[in-house]
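Participant: Got a predicted structure plus its sequence, pasted below:
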Amino acid sequence: MKSLLFALLIVPVAAGLADISRALGSGNADALGQYLDNSVEISVLDQENVYTKAQAVQVIRQFFTKNPPRNFSLVHQGASKGSDSEYCIGNLTTANGSFRVYLYMKVTGTNYLIQELRFDQE
């Protein structure tokens, strides 16, 4: 019974992370926007700021326009001790080079809310 309950809780969370990875890999800012918190810290190379959700989608869209994604691969992920936040690190391959992507997310129930997103050139 415990394993069934565990599976019911983990599958939606894993699906959310898979959706985020797909959105990054395909350059879909709107799909990624579904997972953004109301206020998001975004860092693109040396430009860092806190944006509203709508502004953040525009910043991400501009990044994807300048750097069309080809592939995203998740390298590492982890969770806080209280399991109320999670982070992941991945590699984004674009037409203009590779970027290391850092995500910090608040986990509420089975939902991810991205609070910080960083794109650093490798």
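Facilitator: Received, thanks.
Participant: Report the helix or strand with the lowest average pLDDT across the chain.
Facilitator: Ranked by mean pLDDT, DSSP states H and E, the helix or strand of the chain with the weakest confidence is helix 2-26, at a mean of 64.
Participant: And the next helix or strand past that helix?
Facilitator: Per DSSP states H and E, helix 2-26 leads on to helix 29-33 as the next helix or strand towards the C-terminus.
Participant: helices or strands next to the helix or strand following that following helix in the packing?
Facilitator: Downstream of helix 29-33, the next assigned helix or strand under DSSP H and E is strand 36-44. Packing partners of strand 36-44 (3 or more C-beta pairs under 8 Å, 6 or more residues apart in numbering; DSSP states H and E): strand 47-52, helix 53-66, strand 111-121. Any C-beta I mention is one placed from the backbone N, CA and C, and that applies to glycine too.
Participant: from those, which stretch is densest packed?
Facilitator: Neighbour counts (mean count of other C-beta atoms under 10 Å) averaged over each of the helices and strands packed on strand 36-44 peak at strand 111-121, with a mean of 18.
Participant: What strands line up against that one, and which way round?
Facilitator: Here strand 111-121 is paired, per DSSP bridges, with strand 36-44 (parallel), strand 97-108 (antiparallel).
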